[in-house]
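Trainee: Give me a model of this one.
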Amino acid sequence: MKRIYIMAVTLLFFFPYLASGEEVNGGDEIKITDPRSVCLIVNRDSNEIRFLDLKTNKQIGKVFLGKWANPHMVAMTPDGRLAVTGGTRSNKAYIIDVATMKLIKTIPVDFGPEHLAITPDSRFYYQGNPDSDSVSVIDLVSLKKIKTIKGFAEPLNITFLPDGSKAYVGNYGAHWVGVIDVTRHELLKKIKIGDMPRVNKLDPKKYLSEIKGISNASITRDGRYLYAADGDLGVVGVIDTREDKVIKIIKVGADPWRAYPSHDGTKMVVVNNGDETISIIDIKGNKVVATLEAGPEMIGVNFSHDKAFVISRSSSFVYVYNLKTLRPAGRIKIGTNLELETAATDAQGEKMYLTSSRDNSVYVIDGKTNAVTRIANVGFYPWGSSILEGKDLYCH
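Mentor: Next up is the predicted model:
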C-alpha cells in the first residue's frame, strides 16, 4: 500500500495534468514516471530524440521527428512534462510528451530554428531562428505559436531571468544583446557591448556577413549579472540585469565564443578560439585571474569537483583545469579522429554526458576520477544532450 501511495504522489507531482483525469495523447502508456531519470540526446542526421536512462546508461526509447528535421537542440520544460526541439531544415518546432515518449505537436516557425529556451514556469517556449533574425514564441498550454518577435541579428542563445520576467538574446550577427519583455513578448531594448570593428566600418558590404558577435549572454547563478562575450571585439561585457546596462568591459583572448559559469558561482570560464586559450574571470572582482593554454575549436565547458572540463571539438580531447589553483589539470583523450560536440552535467554535478557526432556515441565522464565510459550507437550524428535540473545545459 505504501508503494502505491508513493507512486501516486510522484505522478501527481511531475505530471499534474494527470490529476484532472485527462488522458495523455489518447491513453498512451506512461513509460517515464520521473523525468529527472533520463538524459535526452538530439540526433541531427537520424532526425530523432533518444532517451537514455541515467542509472543504467541504457537507451529506453526514441522519438522520430520526421524526414529532414535536422534537430539542433533539445530541452525539457522545468516541470518535466514536455521536451521541445527545433528542426533546422524543416523550419518547425516539435513538442514531445516525456511520460509517453510521443511526438504530440509539430508547429511551423521561421527559417533555420536552432537554439531555444523555456520560461521558468514552463509556460512559454522561445525558439531562436537565426536565418530569419527572429524568435518564435510558443504557448505550451495551447501548443500554438502566438507571436514572432522580429528585429534581431542572427539570434543564437536565449537566457531567461530566474523570475521569468525578461529574456536576453545573444546576436551573433551584431554586437548587442536583445532584451525581451516576456509579459508582452516584445523586444524592449538593445544593450550595446561595443562598436563595430574598424575594418567592418570601412567596407560594410564586404564584412557584414563575417561578423562574429555575441553567441550568448551567460547568467550568474544569482541571476544578477550577464556575461556576454563578443568574438570580433575580444571582450566580455558585464550587464547588470536590474538596469539592463553594461557596467564593465573585460578584455579576454581572441575570438571568445562564450562564458560558462562555475557551479559555485565565483567564476566565468571564457573559451577563446582565436588564440586557443581560456580566460578565467573572477566574478566578484570582474577581472581575468588566469589565462591558460587550451585546444582548437573549443565548443563547451562543464564543471565538476572544482574542475573545468573544456571540450575541444576537433582534437578529440577534453582539457581539464583546477579552478582552485587556476592551473591545468591534464587532458582526457576521448578517442581518435572524433568530432566532440556538447555535454550536459547531471544534477549531482558528478557525471558529464558528452556527445560525439562522428562515431555516433555518448561518452560519460566521471568528474571525480576523469574516467570515461562509452555508450555506442545512440543515433546518427548526436549533437547535444540535456538533463532536467542538470548543472550545465547549453548548446553550440
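
Trainee: quick one, what contacts S312?
Mentor: With contact set as Cβ atoms under 8 Å, 6 or more residues apart in numbering, S312 has these partners: A294, G295, P296, E297, M298, I299, V318, Y319, L340. The C-beta positions use only the backbone N, C-alpha and C, and glycine is treated the same way.

Trainee: Tell me the spacing between it and E293.
Mentor: The gap separating S312 from E293 is 11 Å, by Cβ to Cβ, to the nearest Å.

Trainee: cool, V320 as well?
Mentor: 13 Å.

Trainee: joint contacts of those two?
Mentor: P328.

Trainee: What helix or strand is the residue nearest to E114 when sequence neighbours are not counted located in?
Mentor: Of all residues not flanking E114 in the chain, H72 sits nearest, at 4.4 Å (Cβ to Cβ, 6 or more residues apart in numbering). Assigned by DSSP states H and E, H72 belongs to strand 71-76.

Trainee: next one: that strand to chain centre, how far?
Mentor: 8 Å (Cα atoms, centre = their mean, to the nearest Å).

Trainee: And that strand, what does it pack against?
Mentor: When contacts are defined as 3 or more Cβ pairs under 8 Å, 6 or more residues apart in numbering; DSSP states H and E, strand 71-76 packs onto strand 38-43, strand 48-53, strand 82-87, strand 116-118, strand 382-387.

Trainee: what is the mean pLDDT for it?
Mentor: The average pLDDT for strand 71-76 rounds to 98.

Trainee: Tabulate the CA atom coordinates of it in CSV.
Mentor: Taking C-alpha atoms only, strand 71-76 is exported to CSV below (Å, rounded to 0.1, in the frame of the first residue of the first chain):
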residue,chain,number,x,y,z
PRO,A,71,17.1,18.9,-34.8
HIS,A,72,19.6,21.2,-33.3
MET,A,73,18.9,21.4,-29.5
VAL,A,74,16.6,19.8,-27.1
ALA,A,75,15.3,20.8,-23.6
MET,A,76,12.7,19.7,-21.1
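
Trainee: any idea of the angle that strand forms with strand 382-387?
Mentor: Calculated by axes from the mean of the first three to the mean of the last three Cα atoms, to 10 degrees, strand 71-76 forms an angle of 10 degrees with strand 382-387.

Trainee: Listing partners with orientation, what would you give for strand 71-76?
Mentor: According to DSSP bridges, strand 71-76 forms sheet pairs with strand 82-87 (antiparallel).

Trainee: Just the buried residues of the strand it pairs with, please?
Mentor: By neighbour count on 16 or more other Cβ atoms under 10 Å, the buried set for strand 82-87 is L82, A83, V84, T85, G86, G87.

Trainee: Likewise for stretch 63-81?
Mentor: Buried, per 16+ other Cβ under 10 Å, within stretch 63-81: 63, 65, 69-81.

Trainee: so the strand holding H72 versus strand 38-43, what angle?
Mentor: Using the same axes, to 10 degrees, strand 71-76 lies at 170 degrees relative to strand 38-43.
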